[in-house]
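In: Got a predicted model here, sequence first, then my questions.
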Amino acid sequence: MASAPRHELLLIRHAPALNEGRLAGRRDVPANLGDGQALAALRGFLGPVDRVITSPALRCRQTAQALWADMAMAEDARLWEQDFGAWEGLPFAEIPDQGALPPEKLVRLAPPQGESFADLYARAAPALVEIATLPGRSAIVAHAGTIRAALAMACGTMGPALAFSIDPLSITRLIPCGQQWAIGYVNQKACP
């Protein structure tokens, strides 16, 4: 029988953002926590964790509180979503179309006054490495971009990580083992 991993990262994307059809990014919008069945199913699927770390975003803190009301939580500002600069708050239909870009260019694309995925990766990777060294099961409630940064670490390159779909209230499981990270699953949903 295989033993449980000594280190495990459970990355949970926050509940759907109440963003009024606009790009949220760094805007501190609340979460829609109205689907109690989905939250209960996710709580049951995740099981016990040793710690909970969140992005400081309200939607992440609210989601974490709904999942683990009885646990202390730590916030890490490095886990914030990508800063979309001048695109923040735009209706999705008004975000400028950049056309088809190869992954190596897409990771370096930065909106005006914003940051690129490569910038997000550089900011989030040290936090993820620190959390990965902690023994046991660490739950991280964060954003799609932050979770893709963790997947980029597991893949060893940034470009392919942008192809992963990361839905609200989905789980991505990573198992760190030294410098290598195994991907357990991506975008897993807990069915109510």
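Out: Noted; the coordinates are in hand. Numbering: from 1, shown residues only.
In: Low-confidence stretches in the protein?
Out: 1-5, 192 (pLDDT under 70).
In: what about the longest strand in it?
Out: If you go by DSSP state E, the chain has its longest strand at strand 180-188.
In: Partner strands of that one, with direction?
Out: The pairing partners recorded for strand 180-188 under DSSP bridges are strand 171-177 (antiparallel).
In: Contacts for the longest strand of the chain next, please.
Out: Applying C-beta atoms under 8 Å, 6 or more residues apart in numbering, the external contacts of strand 180-188 come out as 8, 45, 132, 150-151, 153-154, 164-167, 170-175. Bear in mind the C-beta positions are built from the backbone N, C-alpha and C, glycine included.
In: mind running it again at 6 Å?
Out: Outside strand 180-188, the residues that touch it by C-beta atoms under 6 Å, 6 or more residues apart in numbering are Met153, Ala154, Phe164, Ser165, Ile166, Asp167, Ser170, Ile171, Thr172, Arg173, Leu174, Ile175.
In: Can you select the buried ones from those in ChimeraX?
Out: To isolate the buried members of the contacts of strand 180-188 in ChimeraX, using 16 or more other C-beta atoms under 10 Å:
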select :153,154,164,166,170,171,172,173,174,175
